[in-house]
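Chemist: What would the 3D arrangement of this be:
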Amino acid sequence: MAIPSFDCIHAVRFDLPRGTVHAKGDSERIVLVPAAALDNLLREAPAAAADAFAAALGAAVGHRVASRLADAQTASVDSFVTQLAGEAAIAGVGAVAVESWGRALVVVVSGSPLADSVLLAFVTSAIEAACGLRPVCTLLARDHGTSRIFAGSQTGVDRLRASLASGLSWADAIERLNRGES
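Modeler: Modelled structure (predicted):
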């Protein structure tokens, strides 16, 4: 089965006479903001405000993903990730990929200007808006500009966090989770 590619034609519309920018399929205006300005704002904002911003950004991306897929819940993982990666790239969030570790889903975001706490809220909201499923997300690792985020159930996250707290590497903790060990 062929994986649909991400169609970026007209993904962003600029109406220069009116001074507006819109994302494809989105009647809401978007604003292009320098990453440094956004980073400064989010660092100074209360945590609840930063989370609300990330949730709104994730929801907008997720809704655009859903509009590109007939049914995000039944779409293949590859199709879903292709659309999510494209929409996240257009939003300037970074390069998004997914790693499958057995039954565990790890969202990988590279080159993001957003802090990890903001990325967690973004990923949660994007998945929820796209498929109607609200995952619980936790940061597994951040190295060399790449963040790995586990998305799963509260039980899975709790077990994963306990394994990480005991000193296991994130990869070993996920393997332990897949084996059903606590």
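Chemist: Can you give the distance from the helix or strand containing residue 66 to the centre of its chain?
Modeler: Following DSSP states H and E, the helix or strand that holds residue 66 is helix 47-68. Centre-to-centre, helix 47-68 and its host chain are 9 Å apart (Cα atoms, centre = their mean, to the nearest Å).
Chemist: Just the buried positions in that helix, please.
Modeler: Going by neighbour count (16 or more other Cβ atoms under 10 Å), the buried part of helix 47-68 is 50-51, 53-55, 57-66, 68. Heads up, the C-betas are built off the backbone N, CA and C, glycines and all.
Chemist: Need the max-distance pair from those residues.
Modeler: Greatest spacing in the buried residues of helix 47-68, by Cβ to Cβ: 50 and 68 (27.5 Å).
Chemist: show me where this protein has helices.
Modeler: If DSSP state H is used as the criterion, the helices of the chain fall at 35-44, 47-68, 77-91, 116-131, 154-165, 170-178.
Chemist: Out of those, which one sits most buried?
Modeler: helix 116-131 (a mean of 23; mean count of other Cβ atoms under 10 Å).
Chemist: rewinding a little: give me the packing partners of the helix holding residue 66, helices and strands only.
Modeler: Other helices and strands packing on helix 47-68, by 3 or more Cβ pairs under 8 Å, 6 or more residues apart in numbering; DSSP states H and E, are helix 77-91, helix 116-131.
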